[in-house]
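J.: Output the structure for:
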Amino acid sequence: MSGHTIDIWLRDRARATPARVAIDFDGRELSYRDLDDRSDELARCLAHGEVVSTLTGNSPEHVALFFACAKAGAILHPISWRLAPAEVAFQLDDARSDALWVEEEHRALAEAALALADVSPRTELQPSNSLLQAPSDSDGLLLIYTSGTTGKPKGALLTHANCFWTNLSFDLATGVGGDDVVLACLPQFHCGGWNVQPLLAWWKGARVVLERQFEPARALRLIEDKGVTTMMGVPANYLFMAQEPGFASADLSSLRRAVVGGAPMPVPLLEVWRDRGVEIVQGYGLTEAAPNVLCLPPQDAMRKLGSVGKPYPYVEVDVAGDGELLVRGPNVFPGYWHDDEATAVALAGGWLHTGDIVERDEEGYFFVKGRLKEMFISGGENVYPAEVESVLHEHPNVADAAVIGVPDGTWGEVGAAFVVLVRPTAEEALLAFCRERLARFKVPKTIAAVQSLPRNSMGKVQKSELQVPV
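T.: Next up is the predicted model:
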């Protein structure tokens with residue numbers, strides 16, 4: 001019997017506290033017994049090792065499917081419903097999807113993607129008579145696509161063991177207890193939607209107030225009405241809540257701790273929440289590390305402004321000669337899905353190469369100074385310029401294109417594109433072209449026409465010389 005598989009968590013919890021509420025979703029309560037029974041039903045529809053893709057919002061049924069995959073040894077591949085059909089089709093083909101679970105709201109997107117895809121996954125889950133094959137620690141559990149500098153997303157495979165250890169380390173650093181009420185707003189197509197609080201909460205027997213999507217006013221009401229004790233969000237979530245007219249008077253007395261990730265938390269925003277008596281736990285992670293790497297406890301938030309903290313338990317880090325943060329430990333993924341070349345680069349020398357440049361102070365606290373990769377973070381979502389540039393290059397009037405991330409008061413960073421045109425084309429026309437082919441958060445906020453792009457002697461675009469018009 002494997003000791004670090006996630007199916008055990010729900011089975012044990014259903015036996016120990018069957019009547020306790022596991023999920024509170026829009027007025028509907030699902031007990032641990034209910035969740036265990038439903039996931040058993042779905043597990044009988046799955047086969048060991050197959051890839052189960054999904055296009056769905058957050059829901060109890062999606063949670064049940066996750067645990068069904070855990071029990072059957074299948075791999076859950078949650079696809080962002082924010083993507084364009086061509087992007088969804090790419091993921092289905094690259095993942096070699098065996099099954100596609102589609103929520104009715106996203107049926108049109110799924111049909112458009114399937115029309116473009118080469119694979120033909122089954123879209124109905126039917127029970128079979130075959131016996132379940134117990135999963136092992138090294139079996140894949142989550143397949144999360146993360147874009148790369150080549151412009152095409154790569155599937156990061158997370159195993160049962162990866163998820164076990166990242167949740168254990170999170171618990172030891174800033175845990176969840178059985179008496180906690182967890183507000184879960186992050187989308188379940190993100191690693192953080194599972195491995196930053198929700199899975200740990202279900203391991204511990206806590207109540208998860210699961211939200212289909214984040215709405216700031218509603219989140220404030222839920223904290224008061226449900227007695228929420230802890231939550232996770234990206235800085236934009238906390239910004240939008242703080243901007244709500246009712247924030248100053250909202251009853252936040254139950255909220256003992258708030259976790260933030262996805263991007264650095266602005267100091268003024270930290271102070272706003274601190275003044276409301278809420279502890280903010282900041283951290284750093286990436287999907288390939290499942291995702292937890294560094295954590296800054298709330299007592300150090302103001303003393304170490306700008307820091308992303310120290311390593312979580314069981315996580316080892318180092319700094320390469322060029323300043324790149326390196327990570328290793330049982331939380332680090334085994335590699336990219338069917339991409340040995342990218343895996344060899346990412347895990348060269350036995351360390352996960354994060355692509356982020358860091359500095360470490362005399363007390364061992366880390367500060368992210370920049371990125372080897374050109375990725376920027378917009379509203380907690382990773383945006384890779386090469387992917388956006390490749391779309392711009394598809395436009396017949398665009399001869400050359402470069403995209404950079406620029407500061408934005410709402411989203412942290414947004415894209416600014418610079419294009420060389422072969423014939424005059426309105427900015428709005430180019431933006432509309434991008435909207436048809438890219439998720440909204442990837443679409444540049446501005447597109448400026450320039451005579452040429454600055455390049456060095458090797459022909460590489462010198463993005464540091466690009467200036468956004470004021």
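
J.: which stretch of helix or strand covers residue 162?
T.: Counting by DSSP states H and E, the element that carries residue 162 is helix 160-174.

J.: Any buried residues in the next helix or strand after that helix, and which?
T.: The helix or strand immediately downstream of helix 160-174 is strand 181-184, counting by DSSP H and E. Within strand 181-184, the residues that count as buried by 16 or more other C-beta atoms under 10 Å are 181-184. C-betas here are computed from N, CA, C, even on glycine.

J.: can you redo the residues you listed as CSV with distance to residue 349?
T.: Formatted as CSV, the buried residues of strand 181-184 follow (distance: C-beta to C-beta, whole Å):
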residue, distance to residue 349
181, 43
182, 37
183, 40
184, 36
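
J.: What are the neighbouring residues in contact with the closest residue to residue 201 other than its chain neighbours?
T.: Counting by C-beta to C-beta, 6 or more residues apart in numbering, residue 201 lies nearest to residue 182, which is 4.5 Å off, once chain neighbours are set aside. Contacts for residue 182 (C-beta atoms under 8 Å, 6 or more residues apart in numbering) come out as 176, 197-198, 201, 206-209, 228-231.

J.: give me that answer again for 6 Å
T.: Under the criterion of C-beta atoms under 6 Å, 6 or more residues apart in numbering, the contact list for residue 182 reads 197, 201, 206, 208, 230.

J.: Pick out the most distant pair among the residues you listed.
T.: Largest separation among the contacts of residue 182 by C-beta to C-beta: 208 and 230, giving 10.5 Å.

J.: Buried ones in the helix holding residue 162, by neighbour count?
T.: 160-171, 173-174.

J.: Which secondary structure elements does the helix or strand where residue 294 lies sit against?
T.: Here residue 294 is covered by strand 292-296, with elements defined by DSSP H and E. Secondary structure elements in contact with strand 292-296, counted by 3 or more C-beta pairs under 6 Å, 6 or more residues apart in numbering; DSSP states H and E, are helix 160-174, strand 279-285.

J.: For residue 343, which of those is the nearest?
T.: Of all those, helix 160-174 comes closest under C-beta to C-beta, at 14.2 Å.

J.: just to revisit the earlier point, could you name the helices and strands sitting against the helix holding residue 162?
T.: Counting by 3+ C-beta pairs under 6 Å, 6+ apart, helix 160-174 packs on helix 198-204, strand 292-296.

J.: What lies in contact with the first one?
T.: In this structure, residues lying in contact with helix 198-204 by C-beta under 6 Å, 6+ apart are 9, 167, 170-171, 176, 178, 182, 184, 208.

J.: for the residues you listed, which one is nearest residue 101?
T.: residue 184 (19.3 Å).

J.: Now for that closest one: which residues touch it?
T.: By C-beta under 6 Å, 6+ apart, the residues touching residue 184 are 198, 208, 210.

J.: where's it relative to residue 213, distance?
T.: Using C-beta to C-beta, to the nearest Å, residue 184 is found at 11 Å from residue 213.

J.: CA atoms of stretch 221-236 as CSV?
T.: As requested, the backbone C-alpha atoms of stretch 221-236 are provided in CSV (Å, rounded to 0.1, in the frame of the first residue of the first chain):
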residue,chain,number,x,y,z
ARG,A,221,-20.4,38.8,2.9
LEU,A,222,-19.3,35.2,3.1
ILE,A,223,-16.5,35.9,5.5
GLU,A,224,-19.1,37.3,7.9
ASP,A,225,-22.1,35.0,7.2
LYS,A,226,-20.0,31.7,7.1
GLY,A,227,-17.5,32.6,9.8
VAL,A,228,-14.6,32.2,7.3
THR,A,229,-11.3,31.7,9.2
THR,A,230,-8.8,31.5,6.3
MET,A,231,-8.6,32.1,2.6
MET,A,232,-6.3,32.2,-0.3
GLY,A,233,-6.2,34.8,-3.1
VAL,A,234,-4.0,36.7,-5.5
PRO,A,235,-3.3,40.4,-4.8
ALA,A,236,-6.1,41.5,-7.1
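
J.: average model confidence for it?
T.: For stretch 221-236, mean pLDDT is 95.

J.: Please identify the buried residues of that stretch?
T.: Within stretch 221-236, judged by 16+ other C-beta under 10 Å, the buried ones are 222-223, 228-236.

J.: Buried ones in stretch 407-414, by neighbour count?
T.: 408, 411-414.

J.: Which parts of this structure are helices?
T.: 7-16, 32-43, 60-72, 85-95, 107-116, 160-174, 192-195, 198-204, 216-226, 235-243, 267-275, 340-346, 385-394, 427-435 (DSSP state H).

J.: Out of those helices, flag the one nearest residue 418.
T.: Using C-beta to C-beta, the nearest of these to residue 418 is helix 385-394, at 9.5 Å.

J.: and the closest one, what does it pack onto?
T.: strand 398-408.

J.: go with 8 Å
T.: Packing partners of helix 385-394 (3 or more C-beta pairs under 8 Å, 6 or more residues apart in numbering; DSSP states H and E): strand 398-408, strand 412-421, helix 427-435.
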